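> structure for this input, please:
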Amino acid sequence: MKLKQSKLKTRRTAALSGMVTPLMALAIVAMSGSVTPALANIPVASNIDINTANWSTSAGFGSTALGWYKETGLVDPDVVHLQGAVKQTSASGTNANLIGTLPPAASPSRVVYAVVHTFNGTYADVSISPNGQIWLINPRPPAVKDYSFVSLESITYEQVLPVWDPINLTAFWSPNTVYGSGVPGWYMDGSFDVHVQGGIAQTSSAASNTLGTIVDGGAPTNRVIYTIVHTFNGTYADVGISPNGQIGLIDPRPPMVKDYTFVSLENITYGDNALNSITPNSANWSFTPGFGAIAPGWYKDAVGIVHLVGAAKQINAGGTNPNLLGTLSAAASPKRTVYTIVHTFNGTYADLAISPNGQITLINPRAPAVKDFSFVSLESITFQQ
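Predicted coordinates:
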């Protein structure tokens, strides 16, 4: 990705000047648009202190135990990633929705809100507080709550916010830190991937769904980014970010509830790195999705974390495996099964599993949520192999 903002470029250049020669070489390669993980240190996952009175890390289904890791050896070494899954063993007590606690080394400086995959086509919202506590926020009925499996894969955030750029909000939207969230903005990490952060509030029911504009070089350059975000008190919305920087919400499809009292922009990340292709299940899926998206692909950032990009559409719901979207190569396949949640067409969602054999398989949303695979986005999916 080209560094379009002088202060970011100056900051990174100054930081790189004091680092060892191999890392300088890595940064030069990254700036040229071809990021390689070969010279970086691969992060090692650390455990999370689990609330064992209510939760177990033996979630099954090919998942790994809950953990966190931090990007290392780069200009911004404070980007935290969560991985793994848990299952609820008891729903009793005042702390039933407290999954566990991160150490200070991984706790964010503000409350981070995201939406996550839960069992068999369900979802939940999640909050991660500066004291490290990870709490689930129950899905708003009529969405179904099912905590027999909860995945925290693909959650990523900057622990201590670096120099960042604001998002120019439109009328009827305002920064919202009432719930401990940060001011809306964006920043680039050491791999030159963009992260969006913070929270906003709708101040009028007459407001447009255009939230604002990402300025100063943070907009995606070659595609529209579609993903799913946390909204107030157990709800969600889909979101699109255009190459002109505009951020627009896509209302959840009824009967799911719309509530823009609070909208989190955390956990949105994208880059413009050179892409590797995903092999399509062409009997059921087209990799020409439309709506400004590109074909599914993947890349590794400078510390070896895999990022998925692009979108697909289902063209045939028949056959033996219609929910198999495509297959990653061995170079990008995880060693465990990665479960996450993705944006699907026009205010819908689906859960998704990425297996060690590279297969990317959709899990139908649980009724009464609507299934619509006429557009499925893979943006903002990240994992360490």
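> rest of the way, CA atoms for contacts and neighbours
Noted.
> quickly find the element holding the spatially closest residue to Tyr226 that is not a sequence neighbour.
Spatially, and ignoring its direct neighbours in sequence, Tyr226 is nearest to Gly240 (4.5 Å; CA to CA, 6 or more residues apart in numbering). Gly240 belongs to strand 235-241 when assigned by DSSP states H and E.
> then that strand to PDB, C-alphas only?
In PDB, the C-alpha atoms belonging to strand 235-241 read as follows (Å, rounded to 0.1, in the frame of the first residue of the first chain):
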ATOM      1  CA  THR A 235     -27.400  -6.300  17.200                       C
ATOM      2  CA  TYR A 236     -25.200  -6.000  14.100                       C
ATOM      3  CA  ALA A 237     -25.000  -4.200  10.700                       C
ATOM      4  CA  ASP A 238     -23.200  -4.800   7.500                       C
ATOM      5  CA  VAL A 239     -20.800  -2.100   6.300                       C
ATOM      6  CA  GLY A 240     -19.200  -1.000   3.000                       C
ATOM      7  CA  ILE A 241     -16.100   1.100   2.600                       C
END
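> hmm, who's touching that strand?
115, 125, 139-140, 219-220, 224-231, 247-252, 256-259, 343, 346-348 (CA atoms under 8 Å, 6 or more residues apart in numbering).
> stretch 295-306: end-to-end distance?
Start-to-end span of stretch 295-306 (CA to CA, to the nearest Å) is 16 Å.
> and it, how far out from the chain middle?
Its chain's average C-alpha position is 13 Å from that of stretch 295-306, according to CA atoms, centre = their mean, to the nearest Å.
> and stretch 215-234, by the same measure?
Using CA atoms, centre = their mean, the offset of stretch 215-234 from its chain centre is 10 Å.
> and it, what's its mean pLDDT?
Average pLDDT, stretch 215-234: 95.
> contacts only, for Gln384.
Counting by CA under 8 Å, 6+ apart, Gln384 has contacts 304-306, 334.
> in PyMOL, how would I select the buried members of the residues you listed?
To isolate the buried subset of those in PyMOL, counting by 16 or more other CA atoms under 10 Å, use the following:
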select buried, resi 304+305+306+334
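> quick one, helices of the chain?
Counting by DSSP state H, the chain has helices at residues 6-16, 21-31.
> and these, which one averages the lowest pLDDT?
helix 21-31 (a mean of 27).
> the strand holding Gly240 pairs with which strands?
Strand 235-241 has the following strand partners under DSSP bridges: strand 225-231 (antiparallel), strand 246-250 (antiparallel).
> which parts of the longest one are buried?
Pointing back at strand 225-231 there. 225-231.
> out of these, which is nearest to Tyr299?
Minimum distance to Tyr299 across the buried residues of strand 225-231 is 15.6 Å, recorded for Ile225 (CA to CA).
> measure that closest one to Asn209 for me?
Counting by CA to CA, the gap from Ile225 to Asn209 is 16 Å.
> ok, now Asp301?
For Asp301, the distance to Asn209 equals 32 Å [CA to CA].
> now Asn47
Look at Asn47 and Asn209: by CA to CA, they are 39 Å apart.
> Ser191 touches Lys300, doesn't it?
No - if you go by CA atoms under 8 Å, Ser191 and Lys300 don't touch, sitting 9.5 Å apart.
> count of residues packed around the closest residue in space to Asn222 that isn't next to it in sequence?
Sequence neighbours aside, Pro243 is the residue nearest to Asn222 in space, at 6.7 Å (criterion: CA to CA, 6+ apart). Applying other CA atoms under 10 Å, we find 17 residues neighbouring Pro243.
> Pro243 reaches Val215, doesn't it?
No - contact criterion CA under 8 Å: Pro243 and Val215 do not qualify, at 10.6 Å.
> ok, back up a step: how about the strands paired with strand 235-241 in a markdown table, adding distance to Ser129?
What follows is the strands paired with strand 235-241, written out as a markdown table (distance: least, CA to CA, whole Å):
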| stretch | distance to Ser129 |
| --- | --- |
| strand 225-231 | 15 |
| strand 246-250 | 25 |
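> and those strands: which comes nearest Pro296?
The closest of these to Pro296 is strand 225-231. By CA to CA, the value is 11.9 Å.
> where does the stretch 1-150 of the chain dip in pLDDT?
The stretch 1-150 of the chain contains residues with pLDDT under 70 at 1-42, 72-77.
> give me the phi and psi for the residue nearest to Leu66 when sequence neighbours are not counted.
Nearest residue to Leu66, sequence neighbours excluded (CA to CA, 6+ apart): Gly84, at 4.2 Å. Main-chain dihedrals, Gly84, degrees, to the nearest 10: phi 90, psi -170.
> how much space between Gly84 and Ala207?
38 Å.
> more neighbours, the two?
Using other CA under 10 Å as the criterion, Gly84 and Ala207 rank with Gly84 on top: 24 against 13.
> the more buried one reaches Ile155, doesn't it?
No - taking CA under 8 Å as the definition, Gly84 is not a contact partner of Ile155, at 10.4 Å.
> name the residues contacting each of those two.
With CA under 8 Å, 6+ apart as the test, Gly84 and Ile155 reach no residue in common.
> so Ser329 is in contact with Gly358, correct?
Yes - Ser329 lies in contact with Gly358 (CA under 8 Å); the separation is 6.2 Å.
> neighbour count: the two, which is higher?
Shown here are Ser329 and Gly358; by other CA under 10 Å, Gly358 has more neighbours (21 against 15).
> need the contact list for that one.
By CA under 8 Å, 6+ apart, Gly358 lies in contact with 327-330, 332-334.
> ok, now Gly212?
Contacts for Gly212 (CA under 8 Å, 6+ apart) come out as 167-170, 246-248.
> coming back round to it: okay, the buried residues of strand 225-231 in CSV with distance to Val144 next?
As requested, the buried residues of strand 225-231 are arranged in CSV below (distance: CA to CA, whole Å):
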residue, distance to Val144
Ile225, 27
Tyr226, 24
Thr227, 21
Ile228, 18
Val229, 18
His230, 16
Thr231, 16
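> domain parsing for this protein?
165-181+191-270, 276-384 (automatic domain parsing).
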